[in-house]
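# Below is the sequence, then the predicted model.
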Amino acid sequence: MLEGDTMSMRKTLPLLALLVAASVSSAMAQDKTFELKLSHWVPASHPLQKALEDWGAAVEKASGGTIKYKVFPAQQLGKAFDHYDMARDGIADIAYVNPGYQPGRFPIIGAGELPFLMSDAKGGSMALDDWYRKYAEKEMKDVKFCLAFIHAPSSFHSRTKKIVVPDDIRGMKIRPADATIANFVTQLGGTNVQSSAPEVRDIIERGVADAVTFPWGSLVLFGIDKVTKYHMDAPLYVTTFVFVMNKDKYNQMSERQKKAIDDNCNTEAAGRVGEPWGRFEDAGLDKVKAESGQQVYELTLEQTALWKKASEPLVKTWADGVRKTGTDPDAAMSELRAALVKYNALTQ
């Protein structure tokens, strides 16, 4: 190459870069600007608030500022139980959903709620999301599925007595975290008291419920530690959650904007949501232990075996529900376990 050609190329390359940047900026400038309503039902002080803010900020940056967002916490746009339908109907653009709040509606993802299955919030979130993506198309077809995640494993917190073995549930009034735990309580001779998370302290304080299944950090955040005394320290269950999006809003976007959404609706993003929330919940255990008058206790190997044995019928109930959707529950469970092994989050 001649020296003159080299000098010419040195001048041309920066010009090409500027032209490409200008072209991209121009294309983004032509994109319609959207402001997404991101809705959840826990307090703004909950780590989910920051998770949604971080999610929105990542989408805004990836879209070149053409997708903006506002987070609406604490049931401002609607009740906790209604969030899936709120996303479907456009009341919210992105909604935080607990599928287990509506028993029977989302049977496949209910696998994640089965006892003694998941051991870790980040790995469990990534495994759940990775596994559920192909099933979400069938089970949550009214919305655009974004991601799935879990909170850290937790267990029972009681106002009236220590819950040590499954027989202790008999005659108790329990507020369950999800549909699977509700079935478990019924199977063990207890009575379910339905309420959303923000209402739990009140129903326990008034004696409407004797106990609750709840993660540790949120127990403190919602003030439920003030009305409970006995706390089982065991990885009994996790709750599954999803972010879902209004389909019409997504379909109105340009291809570049859709990519900005899609790049933040994946398994890696699920881990980014699950990990900090998991740390927050895990930290609550030491907070409860440090409070005077609280009894935090672990299970023996024999007691754990009793709980695992008692929970076996829940797998059959889950499988029966899944089979009605035309899905093979044995294959689905094998796939979920494989995903949990992949992400190092299967309970031993």
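Done, it's in.
# low-confidence ranges in this protein?
Residue ranges of the chain with pLDDT under 70: 1-29.
# So for stretch 78-92, first residue to last residue, what's the gap.
9 Å (Cα to Cα, to the nearest Å).
# Can you classify the residue nearest to the spatial centre of the chain by secondary structure?
Central residue of the chain (Cα atoms, centre = their mean): residue 241, 2.7 Å from the mean position. Judged by DSSP: H, G, I helix; E, B strand; the rest coil, the three-state class of residue 241 is strand.
# how deep is the closest residue to residue 132 other than its chain neighbours tucked in, by neighbour count?
Excluding its sequence neighbours, the residue lying closest to residue 132 (Cβ to Cβ, 6 or more residues apart in numbering) is residue 148, at 4.9 Å. C-beta coordinates here come from the backbone N, C-alpha and C atoms, glycine included. Neighbourhood size, residue 148 [other Cβ atoms under 10 Å]: 30.
# looking at this, residue 148 is in a strand?
Yes - under three-state DSSP, residue 148 sits within a strand.
# Would you quantify the distance from it to residue 267?
Distance of residue 148 to residue 267, computed by Cβ to Cβ, to the nearest Å: 9 Å.
# hey, what's in contact with both of the two?
Common contact partners of residue 148 and residue 267 (Cβ atoms under 8 Å, 6 or more residues apart in numbering): residue 129.
# what are the ranges of the strands in the stretch 51-200 of the chain?
67-72, 94-97, 144-150, 155-158, 173-175, 191-192 (DSSP state E, counting those that start in this stretch).
# Same list (those strands) but as a markdown table, adding distance to residue 81.
Converted to a markdown table, the strands of the stretch 51-200 of the chain look like this (distance: least, Cβ to Cβ, whole Å):
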| stretch | distance to residue 81 |
| --- | --- |
| strand 67-72 | 16 |
| strand 94-97 | 10 |
| strand 144-150 | 18 |
| strand 155-158 | 22 |
| strand 173-175 | 14 |
| strand 191-192 | 14 |
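# who wins for proximity to residue 48 among the ones you listed?
strand 94-97 (6.4 Å; Cβ to Cβ).
# ok now that closest one, how far from the chain's centre?
Distance of strand 94-97 from the chain centroid (Cα atoms, centre = their mean, to the nearest Å) equals 9 Å.
# which outside residues touch it?
Outside strand 94-97, the residues that touch it by Cβ under 8 Å, 6+ apart are 36-42, 48, 52, 55, 69, 83-84, 86-87, 146, 241-246.
# Next one: residue 263 relative to residue 137, how far apart?
With distances taken as Cβ to Cβ, residue 263 is found 19 Å from residue 137.
# hmm, I was thinking of residue 38
In this view, residue 38 and residue 137 are 23 Å apart by Cβ to Cβ.
# More neighbours: which of those two?
Taking neighbours as other Cβ under 10 Å, residue 38 and residue 137 compare with residue 38 leading, 23 against 10.
# Strand partners (parallel or antiparallel) of the host helix or strand of the more buried one?
In the assignment (DSSP states H and E), residue 38 maps to strand 34-39. With DSSP bridges as the test, strand 34-39 is paired with strand 67-72 (parallel), strand 94-97 (parallel).
# any idea which of those is most buried?
Mean neighbour counts were compared across the strands paired with strand 34-39 using mean count of other Cβ atoms under 10 Å; the top stretch is strand 94-97, at a mean of 28.
# For that one, C-alpha coordinates in PDB please.
C-alpha atoms of strand 94-97 as PDB (Å, rounded to 0.1, in the frame of the first residue of the first chain):
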ATOM      1  CA  ILE A  94     -44.400  -4.600  32.800                       C
ATOM      2  CA  ALA A  95     -45.800  -6.500  35.800                       C
ATOM      3  CA  TYR A  96     -44.300  -8.500  38.600                       C
ATOM      4  CA  VAL A  97     -46.400 -11.700  39.000                       C
END
